[in-house]
Structures are given as structure tokens and as C-alpha cells.
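Colleague: What shape does this take:
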Amino acid sequence: MTKVTVYRTIYCPFCDAAERYLDQKGVSFECIDVSDPEDKMALKTRTGWRTVPQIFIDGELIGGYQEMLALDRTGELDQKLA
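Modeller: Predicted structure coming up:
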């Protein structure tokens, strides 16, 4: 089974939109709150990305909300989720 993880912060409209989009596609995912500055810094150190959401599929960072939409438009998102 494919594991999807969304790292997010509180009050993040792109995070909310990403979660809604995954829900609409029927994708189960784990949500991890990195609102704490130390948690967010650890994530930034791990990925090099400063922004959230950061969406991982089976441990691979696919990007944020907009990158996920781009993958969906090309059909690549469904391939990664299969």
C-alpha cells in the first residue's frame, strides 16, 4: 500500500487545499504538523524546502500543493499512488 504523508502548519491555506484534494481523490494520508519552529527547521534541513505543505509518497518528496496538481494533470500522480 502506498504511504502518503503531508507535512503542514496550522493556518496554511495550501495545506488545507492539498488535504481536501487528496480526500476528494480518496487517498489515505498521514498529516504531520510542523508548526513548531524546531520541527519546521528539521523538515527544512531534511528537504531543503522552506514552505509547506510538503507531500511525500512512499518517502519521496513530490513537492507541495501546486506540484501535486501538476503531477495529477499529467497522470503521474495516479501512477505514484498505484
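Colleague: Could you measure from Asp72 over to Lys44?
Modeller: Between Asp72 and Lys44 the distance is 25 Å, computed by C-beta to C-beta, to the nearest Å. (Each C-beta comes from the backbone N, C-alpha and C, glycine too.)
Colleague: which stretches of the chain form strands?
Modeller: For the chain, the strands defined by DSSP state E cover 4-8, 30-33, 54-57, 60-63.
Colleague: Could I get the contacting residues of the residue most central in space within the chain?
Modeller: For the chain, Ile55 is the residue whose C-alpha lies nearest the centre (C-alpha atoms, centre = their mean; 1.9 Å). Listed by C-beta atoms under 8 Å, 6 or more residues apart in numbering, the contact set of Ile55 reads Val4, Thr5, Val6, Tyr7, Ala18, Leu61, Ile62, Gly63, Gly64, Tyr65, Glu67, Met68.
Colleague: The residue lying closest to Ile32 once chain neighbours are set aside pairs with what?
Modeller: The shortest distance from Ile32 to any non-neighbouring residue, by C-beta to C-beta, 6 or more residues apart in numbering, is to Tyr7 (5.0 Å). Going by DSSP bridges, Tyr7 is paired in beta bridges with Ile32, Gln54.
Colleague: Tyr7 against Arg50, yeah?
Modeller: No - taking contacts as C-beta atoms under 8 Å, Tyr7 lies outside contact range of Arg50: 12.0 Å.
Colleague: So for these two, which residue has more residues nearby?
Modeller: It is Tyr7, of Tyr7 and Arg50, that has more neighbours when counted by other C-beta atoms under 10 Å, with 23 against 10.
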